[in-house]
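Participant: just coords:
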């Protein structure tokens, strides 16, 4: 009987931990600009029917991993977005010995244009720049889901 109570107790703790992780992710995904709103990104980066903007920070370790993986798995409609200036971003890219086409990087986007509390964060827009999807990611493979 004692083992059953211990098992149930551990099971409840695991369920609560899973619920907390799910709730945290849902809260984070509610941040950012609302779906159906317009993202302020230069038109030259909005030429596809579906445009993917991966918002990163040079200070974020997960962002650095995504940056590294991006050089291998980059698609033509995917862009990296930074609020930092071009020199800081390029210094990081050089330091990490990464080869990325500079046309795929959008520099110095004002923070108020992205309305983010966490990075890495992805906005997916249509050709007009209207947000159709958004989410928090932990790796580049999550873009496929």
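Facilitator: Looks like it came in fine. This is a predicted model, so every value here is computed, not measured.
Participant: all helices of the protein, in order?
Facilitator: 2-29, 61-73, 86-95, 111-114 (DSSP state H).
Participant: comparing the ones you listed, which stretch has the densest surroundings?
Facilitator: Comparing these on average neighbours per residue, with mean count of other C-beta atoms under 10 Å, the densest one is helix 61-73 at a mean of 16. Heads up, the C-betas are built off the backbone N, CA and C, glycines and all.
Participant: re the thing from before, turn the helices of the chain into a markdown table, columns for distance to residue 38.
Facilitator: Putting those into a markdown table (distance: least, C-beta to C-beta, whole Å) gives the following:
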| stretch | distance to residue 38 |
| --- | --- |
| helix 2-29 | 19 |
| helix 61-73 | 24 |
| helix 86-95 | 24 |
| helix 111-114 | 10 |
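Participant: quick one, which of those helices is nearest to residue 138?
Facilitator: Residue 138 lies closest to helix 61-73 among the helices of the chain, at 5.9 Å (C-beta to C-beta).
Participant: which other helices and strands does the closest one contact?
Facilitator: strand 51-56, strand 78-82, helix 86-95 (3 or more C-beta pairs under 8 Å, 6 or more residues apart in numbering; DSSP states H and E).
Participant: before we move on, the earlier item: quick one: which of the helices of the chain is nearest residue 36?
Facilitator: helix 2-29 (15.1 Å).
Participant: show me the shaky parts of the protein.
Facilitator: 19-30, 145 (pLDDT under 70).
Participant: what residues are up against the residue nearest the centre of it?
Facilitator: When C-alpha atoms, centre = their mean is applied to the chain, the residue found nearest the centroid is residue 121 (2.3 Å). Counting by C-beta atoms under 8 Å, 6 or more residues apart in numbering, residue 121 touches 31-32, 54-55, 114, 134-137.
Participant: including distance to residue 89, could these go into TSV?
Facilitator: Below are these laid out as TSV (distance: C-beta to C-beta, whole Å):
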residue	distance to residue 89
31	22
32	20
54	13
55	12
114	15
134	22
135	22
136	21
137	19
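Participant: list just the nearest of these to residue 73.
Facilitator: Of the contacts of residue 121, the one sitting nearest to residue 73 (C-beta to C-beta) turns out to be residue 54, at 11.1 Å.
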